[in-house]
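Give me a 3D structure for the following:
(chains A and B)
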Amino acid sequence: MLQISRLREQKEAIIAAYKKRNVTDVQIAEISNLIQLDDERKSVQTENDALLSQVNSLSKGIGIFFKNGEQDKANAAKEQVAQVKERSKLLENKMKDIQQSIFDGLLTLPNVPHTLVPSGNTEDDNELFKAWDKELPELAENAKPHWELAEEYTLIDFKLGVKIAGAGFPLYRGKGARLERALINFFLDEAGKAGYEEILPPHLVNEDSARATGQLPDKEGQMYHAVKDNLYLIPTAEVPVTNMYRDMILNESDFPIKLTGYTPCFRREAGSYGSDVKGLNRVHQFNKVEIVQLQHPDKSYDTLMEMMQHVEGILQKLELPYRILRLCGGDLGFTSALTYDFEVYSAAQKKWLEVSSVSNFETFQSNRLKLRYKDVDGKKHLAHTLNGSALALARIVAALLENNQTSDGITIPEVLRKYTGFDLID
RNA sequence: GGAGAAUUGGCCGAGUGGCUUAAGGCGCACGCUUGGAAAGCGUGUAUACCUCAAAAGGGUAUCGAGGGUUCGAAUCCCUCAUUCUCCGCCA
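Below is the predicted model of the structure:
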């Protein structure tokens, strides 16, 4: 959520930057609208504060009148208070309405794209930030997609998943389950080596948390909701991990705060269909290791690069062909100021699969989180938040299975062997 | 799931309707003192918003959260959250 003060101070710059993303005229108009509402709020508050001040001093007087036995004066003052309060009540309601409108309006405004964000409307307009400069793997004619390999080697049982839960809930078994666990441990160890503190958070969160990281209200339909207890199944570890710092004031010296966590991720994926959802490409439950950083605003873009290098290092160790895209305005997430996507090449499907997304949210999340820090002068400012997947497992597994298939079986990358305990799936 | 107790500032802690503008202490900052330090003494020490060109100043709200009663609420009432104790259930 943007700050109303920022709309005032940077109105023109925000409108210019918004042109890079798919914002509607309604959203542009909303900016001026909100500033006007805020003006109104201020004048109502000024008026109401004066009335309340009057009530306070009259009440104090009544106490003194009673003590002196001056009943008449006390009663007269009571009468007066009643009148003032009636007016104040009206103003108070008006102010609540205005504030609610401002809040609702702010929720409709996406983050302001960074200057590096290319303009464009769809994923085709994303900028190739780093291409794969070696040759793409060519598989034999009879190469199989991962869903066939998974079945052939009894690694993943999609049918059993359907029986137990439903479509999109894969059941991993045998070496498939082992590979999954190996990847989780490998990713966590890599993050640990890079200085991230490991967190194992709750997998369900309350409404406040879902709201603070922005899943509510915009993505309500994408989350599983346990209605009886009003808890939401997390769509990513970002939600519980970032919420650790909700309503907190940090010291400047606390930066950077680096956190990592493995969690299963639950997504309803309402409305998706077609070949994209086949196998592990798009599922309702998958495993992911997330990295999160809280950083000083002056340093957050250096941190973004650092996080990208971390993800890149992992992909290199896994020996997977990858490329990095800088998302265009149209493809940029609602809350992000700048995002880089990592895609891994799936040789059998002959397409690039998104396996990581690394973003700087600047103050967009911290404003709603009320996550601030004190500078040396004791002044409070919003911190910057960043996060990235390092990495999402399902599609990595898909690519590993497909790219590493040989006539003898599926080979396990060197770095993973000490985690899996085997070097070939056959 | 049932019963009881609690929640006050950075921390401890007093406060059962109006001299509370939240006592007192600890901590912290600054000053005095000192060769330097400690002790001692003095001063200051929450947040958000409004007002003001700015600063100073003034105002409003906030005692776990939200409502209510009252001219007036930390204090009385209701709902909720959290913590502790006991009982029940349980990996």
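
How is chain A partitioned into domains?
Domains of chain A are assigned by automatic domain parsing as A:4-107, A:123-425.

Put together JSON lines for the ones you listed, with distance to residue A:115, mean neighbour count and mean pLDDT on each row.
Using the backbone N, CA and C atoms, a C-beta is placed for each residue, glycine as well. Formatted as JSON lines, the domains of chain A follow (distance: least, C-beta to C-beta, whole Å; neighbours: other C-beta atoms under 10 Å; pLDDT from 0 to 100):
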{"stretch": "domain A:4-107", "distance to residue A:115": "8", "mean neighbour count": "14", "mean pLDDT": "90"}
{"stretch": "domain A:123-425", "distance to residue A:115": "9", "mean neighbour count": "18", "mean pLDDT": "91"}
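
Can you pull the residues of chain A lying near RNA strand B?
A:5, A:42-43, A:45-46, A:49-50, A:52-53, A:55-60, A:62-63, A:66, A:78, A:81-82, A:85, A:378, A:380 (C-beta under 7 Å from any atom of the strand).

Longest helix of chain A, counting residues only.
Taking DSSP state H as the criterion, chain A has its longest helix at helix A:25-67.

list the helices and strands that helix packs on?
Helices and strands touching helix A:25-67, by 3 or more C-beta pairs under 8 Å, 6 or more residues apart in numbering; DSSP states H and E, are helix A:4-9, helix A:11-18, helix A:71-107.

Apply 6 Å and report the result again.
Helix A:25-67 is packed against helix A:4-9, helix A:71-107, with contacts defined by 3 or more C-beta pairs under 6 Å, 6 or more residues apart in numbering; DSSP states H and E.

And the strands in the stretch 101-250 of chain A?
Listed in chain order, the strands found in the stretch 101-250 of chain A under DSSP state E, counting those that start in this stretch are A:127-130, A:156-157, A:171-172, A:197-199, A:204-206, A:225-226, A:231-233, A:248-251.

same check, this time on the stretch 251-400 of chain A
Ranges of strands within the stretch 251-400 of chain A are A:257-266, A:285-295, A:322-326, A:338-346, A:351-362, A:371-374, A:380-382, A:384-392, based on DSSP E, counting those that start in this stretch.

Give me the contact list for the shortest one.
To tie it back to what came earlier, the one meant is strand A:380-382. A:363, A:366-367, A:372, A:374 (C-beta atoms under 6 Å, 6 or more residues apart in numbering).

State the paired neighbours of that strand in the sheet, together with their directions.
When pairs are called by DSSP bridges, strand A:380-382 turns out to pair with strand A:371-374 (antiparallel).

how about the CA coordinates for the partner strand, as PDB?
Coordinates of each C-alpha in strand A:371-374 appear next as PDB, following Å, rounded to 0.1, in the frame of the first residue of the first chain:
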ATOM      1  CA  LEU A 371       7.600  -2.000   9.700                       C
ATOM      2  CA  ARG A 372       9.900   0.900  10.500                       C
ATOM      3  CA  TYR A 373      13.400   1.700  11.600                       C
ATOM      4  CA  LYS A 374      14.900   4.500  13.700                       C
END
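
partner residues bridging the closest residue in space to residue A:304 that isn't next to it in sequence?
Leaving aside its chain neighbours, residue A:304 sits nearest to residue A:360 (4.7 Å; criterion: C-beta to C-beta, 6 or more residues apart in numbering). Beta bridges link residue A:360 to residue A:338, residue A:386 when assigned by DSSP bridges.

Serialize the helices and strands packed on helix A:25-67 to JSON lines and add fields for distance to residue A:153.
Below are these laid out as JSON lines (distance: least, C-beta to C-beta, whole Å):
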{"stretch": "helix A:4-9", "distance to residue A:153": "54"}
{"stretch": "helix A:71-107", "distance to residue A:153": "47"}
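
Now the phi/psi pair for the spatially most distant residue from the centre of chain A, please.
Residue farthest from the centre of chain A, counting by C-alpha atoms, centre = their mean, is residue A:69 at 63.4 Å. Backbone torsions of residue A:69, given as degrees, to the nearest 10, read phi 80, psi 20.

May I have the beta-bridge partners of the closest residue to RNA strand B within the stretch 301-426 of chain A?
For the stretch 301-426 of chain A, the residue closest to RNA strand B is residue A:380, as judged by C-beta to the nearest atom of the strand, at 4.5 Å. Listed by DSSP bridges, the beta-bridge partners for residue A:380 are residue A:374.

gap between it and residue A:364?
To residue A:364, residue A:380 is 17 Å away according to C-beta to C-beta, to the nearest Å.

next one: residue A:20
Taken as C-beta to C-beta, the span from residue A:20 to residue A:364 is 16 Å.

for residue A:59, same thing?
Using C-beta to C-beta, residue A:59 is found at 43 Å from residue A:364.

contacting residues around residue A:252?
With contact set as C-beta under 6 Å, 6+ apart, residue A:252 has these partners: A:373, A:375.

can we see that at 10 Å?
A:296, A:373-376, A:381, A:383 (C-beta atoms under 10 Å, 6 or more residues apart in numbering).

Show me the two of these that sit farthest apart.
Largest separation among the contacts of residue A:252 by C-beta to C-beta: A:376 and A:383, giving 15.2 Å.

Next up, the contacts around residue A:419.
For residue A:419, the contact set (C-beta under 10 Å, 6+ apart) comprises A:178-179, A:181-186, A:189, A:412.

I'd like those residues as CSV, with distance to residue A:282 appended.
As requested, those are exported to CSV (distance: C-beta to C-beta, whole Å):
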residue, distance to residue A:282
A:178, 24
A:179, 20
A:181, 22
A:182, 23
A:183, 18
A:184, 20
A:185, 25
A:186, 23
A:189, 28
A:412, 25
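
Let me know the closest of those residues to RNA strand B.
Among these, and counting by C-beta to the nearest atom of the strand, the member closest to RNA strand B is residue A:181, at 20.4 Å.

Pull up the gap between the closest one and residue A:120, please.
39 Å.

What separation is there between residue A:240 and RNA strand B?
15 Å (C-beta to the nearest atom of the strand, to the nearest Å).

so what's that residue closest to, chain neighbours aside?
residue A:201 (3.6 Å).

Verify the contact between that neighbour and residue A:261 for me.
Yes. Using C-beta atoms under 10 Å, residue A:201 is in contact with residue A:261, at 5.6 Å.

List the residues that are in contact with both of these two.
Joint contacts of residue A:201 and residue A:261 (C-beta under 10 Å, 6+ apart) are A:237, A:240-241, A:244, A:290.

The residues you listed in helices, which ones?
A:240-241.

Among the shared contacts of residue A:201 and residue A:261, give me the pair with the biggest separation.
A:244 and A:290 (12.6 Å).
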